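Undergrad: show me the folded form of this:
(one chain, ligands or ions: 3)
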Amino acid sequence: MILQDTNVFDNIIESVLITSGEFELVYANTAFSNLVGLTAKRMNAKNLAQALPFSDLVGHKAINQDSTLTTVGGQKISVQVCVEDITIDNTKGLLFFIHDISVEGALLNKYRGELKEKEAYISILDRKLFETSFLLAVTSSLGVHKGDSPEIMTQILGLICNKFSFPTAALLNVSEDGVHVLATFGKKSEEDYWLKVFDKTTPDISRIDMFGSKTFSGVLMVESQNPLKKEDRELLQQAGGQLISRLEQELLYTTAIIDSKTGLYNARFLQDYITNKIKRNQTQKEMFGLIIVDIDFFKKFNEKFGHTTGDEVLAFVAKQIRTATRDSDVAARFGGEEFCVVTTKVNQNGLRGVMERIRGLVEKEPFFSSTHGLLNVTVSVGGAIYPTHAETADDLFSNADQALYVSKKNGRNKVSMFGEIDEEL
Ligand code: GH3
Ligand code: MG
Ligand code: MG
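TA: Ligands and ions are numbered 1, 2, ... in the order given. Purely as a prediction, here's the structure:
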């Protein structure tokens with residue numbers, strides 16, 4: 001079998017090999033020579049047999065076969081081989097087209113790997129974006145609403161339902177007193193429903209415990225078709241933590257400024273309030289009144305009926321003061337059985353009206369002690385006006401107190417205004 005010195009396969013990129021039926025070299029192009037690492041001279045039947053698994057290739061008669069070529073250096077190269085029977089000068093031979101796929105395969109694997117890595121990275125970024133925007137929304141909700149817990153809680157539950165596609169959610173508070181529903185959102189708004197499912201293991205209700213301090217711990221409950229994923233649970237816990245610490249702050253603040261026996265502000269709050277009011281009002285000197293209310297013969301309630309009844313009297317008087325004043329007025333328990341009220345935008349006559357209303361409401365409404373029945377309670381009241389009667393907080397308190405003293409001196413259950421008491425003192 002003889003082939004002309006030059007032929008069409010000489011300069012093509014693919015490797016071409018022509019052998020006799022016995023796999024003896026008839027022709028190999030440069031590409032094949034380079035691929036296998038054999039010069040034309042060394043391309044004998046033995047070397048070729050080491051390079052290509054001829055029996056496998058010819059036996060299968062497939063047009064394209066994946067195979068492995070072994071180079072002279074022993075390196076294995078993945079190839080695709082196409083075998084054809086040919087006849088040259090009446091002699092049968094074989095034509096092999098050999099395509100090196102090792103580089104393509106390696107590249108494909110490399111790109112597949114990189115693509116996977118990028119996809120994983122994109123999904124991590126997506127998640128981070130989701131988490132950050134969610135937590136940001138929670139933080140800004142907490143920032144916008146100052147001191148209005150129910151509204152904040154509902155809004156944050158709404159945010160949670162919206163972001164996680166939950167149909168409904170609730171926030172509960174667990175304390176020594178038991179379980180309380182603080183807020184709900186979505187289709188289940190009845191408190192009873194949430195209290196019922198609180199202890200039960202219900203497949204579509206997930207419970208996320210958010211521990212606050214000893215005094216406050218919260219539970220977020222959400223309805224979701226699938227069980228919560230670990231990362232979602234952690235994210236909700238993080239958001240819940242923010243909410244809880246806000247509620248705790250509010251609770252601490254409330255405890256710091258509210259008198260627990262009466263629910264009115266405490267003395268410290270009132271003093272700060274008046275001091276700041278005067279400081280802010282240096283130029284305009286907008287008028288406001290200070291009223292001091294003192295329960296008459298309060299010691300007797302304690303002595304005759306005990307401290308519990310005494311405390312009930314305190315709560316009763318506090319309630320009457322709240323009823324007699326406007327929401328914008330600031331009412332506080334100032335000492336044992338003394339109360340103060342700051343009324344803004346009021347003149348002397350107006351202030352006297354408020355004082356009289358407080359005194360009258362305490363005297364007229366019957367007070368029933370839980371253990372001792374109907375008791376008579378009266379209060380004495382004194383008032384002074386800023387800046388008419390005093391320009392400092394200390395003077396204002398002292399003047400209102402002097403007026404109160406006059407009410408006491410004049411027989412109790414009375415009302416006196418500082419500006420009108422000089423001649424009486
Ligand atoms: P007056 O008409 O002159 O005001 O007589 P009073 O008895 O009301 O006045 P006094 O200031 O002599 O007594 C106030 C009493 O209030 C003394 C104290 O034991 C009692 N007290 C102070 N704080 C509390 C409290 O939180 N609860 C109770 N039950 N009593 C208190
Ligand atoms: Mg007193
Ligand atoms: Mg008293």
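
Undergrad: can we go C-alpha only for contacts and neighbour counts from here?
TA: Noted.

Undergrad: look up the closest residue to Lys285, ignoring the ones flanking it.
TA: Pro387 (6.5 Å; C-alpha to C-alpha, 6 or more residues apart in numbering).

Undergrad: can you pull the contacts of the one you found?
TA: For Pro387, the contacting residues are Lys285, Glu286, Met287, Phe288, by C-alpha atoms under 8 Å, 6 or more residues apart in numbering.

Undergrad: quick one, phi psi at the last one?
TA: When read as degrees, to the nearest 10, the backbone of Phe288 gives phi -150, psi 160.

Undergrad: okay, the closest residue to it other than its chain neighbours: pLDDT?
TA: Distances taken as C-alpha to C-alpha, 6+ apart put Thr344 closest to Phe288, at 4.5 Å, once the chain neighbours are dropped. Thr344 carries a pLDDT score of 90 in this model.

Undergrad: quick check, Glu84 in contact with Ile98.
TA: No: using C-alpha atoms under 8 Å, Glu84 is not in contact with Ile98, being 11.7 Å away.

Undergrad: who has more neighbours out of the two?
TA: Neighbours per residue (other C-alpha atoms under 10 Å) separate Glu84 from Ile98, with Ile98 holding more: 24 against 15.

Undergrad: my guess is the more buried one is in a helix, correct?
TA: No: Ile98 is assigned strand when assessed by DSSP: H, G, I helix; E, B strand; the rest coil, not a helix.

Undergrad: for the residue nearest to Arg233 when sequence neighbours are not counted, phi and psi?
TA: Spatial nearest neighbour of Arg233, excluding adjacent residues (C-alpha to C-alpha, 6+ apart): Ile208 at 6.9 Å. Main-chain dihedrals, Ile208, degrees, to the nearest 10: phi -120, psi 110.

Undergrad: give the contact list for Ile208.
TA: Contact partners of Ile208, counting by C-alpha under 8 Å, 6+ apart, are Val219, Leu220, Met221, Arg233, Leu236, Gln237.

Undergrad: among the residues you listed, which are in helices?
TA: Among those, the members found in helices (DSSP state H) are Arg233, Leu236, Gln237.

Undergrad: out of the residues you listed, flag the one nearest to ligand 1.
TA: Gln237 (40.9 Å; C-alpha to the nearest ligand atom).

Undergrad: now for the closest one: which residues touch it?
TA: By C-alpha under 8 Å, 6+ apart, the contact set of Gln237 is Ile208, Asp209, Met210.

Undergrad: domain map for this protein?
TA: 3-100, 122-256, 267-424 (automatic domain parsing).

Undergrad: just name the most buried of these.
TA: domain 267-424 (a mean of 18; mean count of other C-alpha atoms under 10 Å).

Undergrad: that one vs ligand 3: in contact?
TA: Yes: remark: domain 267-424 sits within contact range of ligand 3 at Asp294, Ile295, Asp296, by C-alpha under 5 Å from the ion.

Undergrad: which of those residues lies closest to ligand 1?
TA: Looking across the residues of domain 267-424 next to ligand 3 and measuring by C-alpha to the nearest ligand atom, the closest to ligand 1 is Asp296, at 3.3 Å.

Undergrad: where does the nearest residue to that closest one once chain neighbours are set aside fall, phi/psi-wise?
TA: Excluding its sequence neighbours, the residue lying closest to Asp296 (C-alpha to C-alpha, 6+ apart) is Val379, at 5.2 Å. Note on Val379: backbone dihedrals following degrees, to the nearest 10 are phi -130, psi 150.

Undergrad: is Val379 in contact with Lys414, as I believe?
TA: Yes: counting by C-alpha under 8 Å, Val379 touches Lys414, with 7.4 Å between them.

Undergrad: mutual contacts of those two, please.
TA: Overlap of the contact sets of Val379 and Lys414 (by C-alpha under 8 Å, 6+ apart) consists of Arg359.

Undergrad: tell me the secondary structure at the residue of the stretch 301-425 of the chain found nearest ligand 1.
TA: Proximity of the stretch 301-425 of the chain to ligand 1 (C-alpha to the nearest ligand atom) peaks at Gly336, 3.1 Å away. Of the three states, Gly336 takes coil according to three-state DSSP.

Undergrad: for it, give me the pLDDT.
TA: Looking at Gly336, its pLDDT reads 91.

Undergrad: could you list the low-pLDDT ranges of the chain?
TA: Across the chain, the ranges flagged by pLDDT under 70 are 1-6, 59-62, 145-148, 212-216, 422-425.

Undergrad: ligand 1 contacts on that one?
TA: Within the chain, the positions near ligand 1 by C-alpha under 6 Å from any ligand atom are Asp294, Ile295, Asp296, Phe297, Phe298, Lys299, Asn302, His307, Gly310, Asp311, Gly336, Glu337.

Undergrad: show me the contacts for the residue nearest the centre of the chain.
TA: Centroid check for the chain by C-alpha atoms, centre = their mean gives Ala239 as the closest residue, at 2.0 Å. Shown in contact with Ala239 (C-alpha under 8 Å, 6+ apart): Leu135, Val138.

Undergrad: so it, which state does it fall into?
TA: helix.

Undergrad: just Ala332 next, same as before
TA: Taken by three-state DSSP, the conformation at Ala332 corresponds to strand.

Undergrad: how close does it get to Leu264?
TA: To Leu264, Ala332 is 5 Å away according to C-alpha to C-alpha, to the nearest Å.

Undergrad: quick check: longest strand in this structure by residues?
TA: The single longest strand within the chain, with elements called by DSSP state E, is strand 76-88.

Undergrad: hmm, back to that, now, the residues of the chain next to ligand 1 that are in strands?
TA: Asp294, Ile295.

Undergrad: in the residues of the chain next to ligand 1, find the pair that's most separated.
TA: Asp294 and His307 (17.0 Å; C-alpha to C-alpha).

Undergrad: Val219 touches Asp199, doesn't it?
TA: No: if you go by C-alpha under 8 Å, Val219 and Asp199 don't touch, sitting 11.4 Å apart.

Undergrad: ramachandran coordinates for the residue in the stretch 51-200 of the chain that ligand 1 sits nearest to?
TA: The stretch 51-200 of the chain approaches ligand 1 most closely through Asp177 (23.6 Å), counting by C-alpha to the nearest ligand atom. Phi and psi for Asp177, reported as degrees, to the nearest 10, are phi -80, psi -10.

Undergrad: Leu69 now?
TA: Main-chain dihedrals, Leu69, degrees, to the nearest 10: phi -100, psi 140.

Undergrad: so what's it up against?
TA: Contacts of Leu69 (C-alpha under 8 Å, 6+ apart): Val36, Ala51, Leu52, Pro53, Lys76, Ile77, Ser78, Val79.
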